[in-house]
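**Student:** just a sequence and a predicted model for now, questions to come.
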Amino acid sequence: MDKIVRNLLIGLGVMIVLVPLGLLATGETFGEWANEELQEKLGFVPHGLEQLASLWSAPIPEYAFPEDEPKTGKVAAYYISAIVGAIICAGLLYFIGKRVAKA
Amino acid sequence: MHIPDGYLGPITIIVTWLIMIPIWAMAGKKLNAELRSKQVPLLALAAAFSFVIMMFNLPVPGGSTGHAVGGAIIGIVLGPWAAVIAISVALVLQALMFGDGGITAIAANCLNMAVIMPFIAFYTYKFISRDSEITSSKRVTAAAIAGYVSLTLAALMTAFMFGIQPILHTNENGVPLYMPYSLNITMLTMGIEHIFGFSILEALVTALIFAYIQKTDSSILYEEVAASKTGKSERPAPA
């Protein structure tokens, strides 16, 4: 393996180790409010938004297992999400890349 | 910056998918024609890196949060077309598996973060670094500015998509059906959050990784690859 690839891979590993830091920021991103938050902010939930909002049920919504309330469970789910996400992304592109790459 | 389902109305959803389908096709074609096996591990790493960096939520005053995207450094290192593929894969996975970004908004989110961002970053970087030495520190500055500008513009484009919803879709009483906030609010809020917050982080991340690659093996940088292929490179071809 190239030295640079190995070192970047180590860098990615360090990022994954640190990923729970991303949980420290509470509050909701602008434009990504849940229906209840909109209800609180506006006093209503826009009709079209309400209809579309629950279109898709993700298996690990917001990088958390829905039943996990304690902080440790959240951290574990965040780790699992980061690892699973990184492996699928890298694996998929490695596979596709190897098939299409020219020497 | 991941637009969820329900925030964009049908017009924006349809238009963004119509824009993205040919872009993905083009990106696939480019990848097929240009990808070298030496770049494959980098492409794989880039997608994983983009996925993980977006999980680092940062708070900003006012109770909102956001994150860097990594789209600038990927655009600079792998070239904008390969970046389209790498970041799109991360965004699609985030939407399907983690509900981060809506499935109807996949095209809109990809347009902002996987197209606008790496293209703006790549050309900003190229424009500022011009024909400076590949090892020049000017290029690190160029990469930082590219990161800053590209995330800011991607955020403003997201804000634009949000902000046109109350213009496009209201019910008979004028009540918004989708994103309720108007253009001036969305542009101002997302503009400020990024200009004074997340874009600075993106600039730092871009400069840091760029400087490392520049120091270690600048032959992997996209521009160099393209230049050496057409024989325009002034440097000897990498061994």
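**Tutor:** That came in fine, so what should we check first?
**Student:** who's B:Arg36 bridged to?
**Tutor:** A:Lys102 (DSSP bridges).
**Student:** need the per-residue pLDDT for it.
**Tutor:** For B:Arg36, the pLDDT comes out at 91.
**Student:** pull the number of nearby residues for A:Glu40.
**Tutor:** With neighbours defined by other CB atoms under 10 Å in any protein chain shown, the count for A:Glu40 comes to 10. (Glycine included, C-beta is placed from N, CA and C.)
**Student:** so it is in which element?
**Tutor:** Taking DSSP states H and E as the criterion, A:Glu40 maps to helix A:35-42.
**Student:** would you mind listing the buried residues in that helix?
**Tutor:** A:Leu38 (16 or more other CB atoms under 10 Å in any protein chain shown).
**Student:** go on, stretch B:112-131?
**Tutor:** Those would be B:112-125, B:128-129, for stretch B:112-131 by 16+ other CB under 10 Å.
**Student:** wait, does that stretch make contact with chain A?
**Tutor:** No: against chain A, stretch B:112-131 shows no contacts by CB under 8 Å from any CB of the partner chain, the least distance being 11.7 Å.
**Student:** give me the mean pLDDT for that stretch.
**Tutor:** Per-residue pLDDT over stretch B:112-131 has a mean of 96.
**Student:** which residues are contacting it?
**Tutor:** B:1, B:20, B:23, B:69, B:71-76, B:79-80, B:83-84, B:86-88, B:91, B:136, B:138-139, B:141-143, B:145-147, B:149-151, B:153-155, B:157-158, B:161, B:206, B:222-223 (CB atoms under 8 Å, 6 or more residues apart in numbering or on different chains).
**Student:** again, only using 7 Å
**Tutor:** Stretch B:112-131 has contacts (CB atoms under 7 Å, 6 or more residues apart in numbering or on different chains) with B:1, B:23, B:69, B:71-72, B:74-76, B:79-80, B:83-84, B:87-88, B:91, B:138-139, B:142-143, B:145-147, B:149-151, B:153-154, B:157-158, B:223.
**Student:** tell me how far it lies from the chain's centre.
**Tutor:** Offset of stretch B:112-131 from its chain centre (CA atoms, centre = their mean, to the nearest Å): 9 Å.
**Student:** got the CA coordinates for that stretch in PDB?
**Tutor:** The C-alpha coordinates for stretch B:112-131 follow below in PDB (Å, rounded to 0.1, in the frame of the first residue of the first chain):
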ATOM      1  CA  ASN B 112     -25.200  21.400  -3.600                       C
ATOM      2  CA  MET B 113     -22.600  19.300  -1.800                       C
ATOM      3  CA  ALA B 114     -21.300  16.900  -4.500                       C
ATOM      4  CA  VAL B 115     -21.400  19.100  -7.600                       C
ATOM      5  CA  ILE B 116     -21.300  22.800  -6.800                       C
ATOM      6  CA  MET B 117     -18.900  22.300  -4.000                       C
ATOM      7  CA  PRO B 118     -16.100  20.300  -5.700                       C
ATOM      8  CA  PHE B 119     -16.400  22.300  -8.900                       C
ATOM      9  CA  ILE B 120     -16.200  25.700  -7.200                       C
ATOM     10  CA  ALA B 121     -13.400  24.400  -5.100                       C
ATOM     11  CA  PHE B 122     -11.400  23.000  -7.900                       C
ATOM     12  CA  TYR B 123     -11.600  26.000 -10.100                       C
ATOM     13  CA  THR B 124     -11.000  28.500  -7.300                       C
ATOM     14  CA  TYR B 125      -7.900  26.500  -6.300                       C
ATOM     15  CA  LYS B 126      -6.800  26.400 -10.000                       C
ATOM     16  CA  PHE B 127      -7.500  30.100 -10.500                       C
ATOM     17  CA  ILE B 128      -5.500  31.200  -7.500                       C
ATOM     18  CA  SER B 129      -2.600  28.800  -7.800                       C
ATOM     19  CA  ARG B 130      -2.300  29.400 -11.600                       C
ATOM     20  CA  ASP B 131       1.200  28.200 -12.700                       C
END
